[in-house]
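*Asks:* coordinates only, sequence not included:
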């Protein structure tokens with residue numbers, strides 16, 4: 001079955017769940033530092049989303065969508081530890097796009113795929129709202145952090161270095 005574009009799926013779920021959010025249209029950009037300037041948000045409020053491959057451990061190979069503040073770097077070893085894996089690395093661009101339905105730089109902090117676990121670094125949650133590219137390089141959203149947590153239901157772990 002063909003799914004609607006990711007942007008439409010996010011708007012639908014946020015609307016249905018009565019979340020507080022707004023859509024921001026802008027020039028196409030996917031890099032966290034540059035998009036924060038365009039949107040006018042602090043880099044720590046930007047939800048940087050990275051699709052990862054985990055290897056080893058009890059579940060064999062699995063995929064994770066790691067969400068961290070846009071100004072921070074990912075701690076691969078912390079992600080591996082959290083999921084009981086031996087090794088963690090970036091998924092290939094092709095795998096990331098296939099699982100998320102999004103081009104690199106436009107992956108939102110939502111998992112619409114059963115094979116993609118979602119984990120967030122708690123430092124991102126210190127802000128009343130978070131910002132992210134919403135499945136498109138030319139559309140972002142600002143979402144109430146408590147609403148995002150309630151809807152996305154991510155695991156929480158210290159994964160940012």
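*Replies:* Alright, I've got the coordinates. Every value quoted in this text rests on a predicted model; they were computed, and no experiment measured them.

*Asks:* Which strands and helices lie in contact with the lowest-mean-pLDDT helix or strand in the chain?
*Replies:* When the helices and strands of the chain are scored by mean pLDDT, DSSP states H and E, helix 32-39 comes last with a mean of 90. Helix 32-39 is packed against strand 129-136, strand 139-144, with contacts defined by 3 or more Cβ pairs under 8 Å, 6 or more residues apart in numbering; DSSP states H and E. Placement of C-beta: from N, CA and C, glycine included.

*Asks:* List just the one of those that sits closest to residue 90.
*Replies:* In terms of Cβ to Cβ, the element of those nearest to residue 90 is strand 129-136, at 17.4 Å.

*Asks:* same question for that closest one, mean pLDDT?
*Replies:* When pLDDT is averaged over strand 129-136, the result is 96.

*Asks:* Regarding the protein, what is its longest helix?
*Replies:* The residue-count maximum for a helix in the chain (DSSP state H) belongs to helix 6-16.

*Asks:* what's the angle from the helix or strand just after that one to strand 139-144?
*Replies:* Scanning forward in sequence from helix 6-16 by DSSP states H and E, the next helix or strand is strand 21-25. Taking axes from the mean of the first three to the mean of the last three Cα atoms, to 10 degrees, one finds that strand 21-25 is oriented at 160 degrees with respect to strand 139-144.

*Asks:* what about strand 21-25, average pLDDT?
*Replies:* Computed over strand 21-25, the mean pLDDT rounds to 97.

*Asks:* In that strand, which residues are buried?
*Replies:* For strand 21-25, burial by neighbour count (16 or more other Cβ atoms under 10 Å) applies to 21, 24.

*Asks:* Run through who's touching it.
*Replies:* With Cβ atoms under 8 Å, 6 or more residues apart in numbering as the contact definition, strand 21-25 has outside contacts at 11, 14, 39, 131, 134, 138-144, 147.

*Asks:* and with 6 Å instead?
*Replies:* When contacts are defined by Cβ atoms under 6 Å, 6 or more residues apart in numbering, strand 21-25 is touched by residues 14, 39, 139, 140, 141, 142, 143.

*Asks:* List the contacts of the spatially most central residue of the chain.
*Replies:* Of all residues in the chain, the one closest to the mean position by Cα atoms, centre = their mean is residue 109, 2.6 Å from it. Remark: with contacts taken as Cβ under 6 Å, 6+ apart, residue 109 is in contact with 47, 49, 67, 132.
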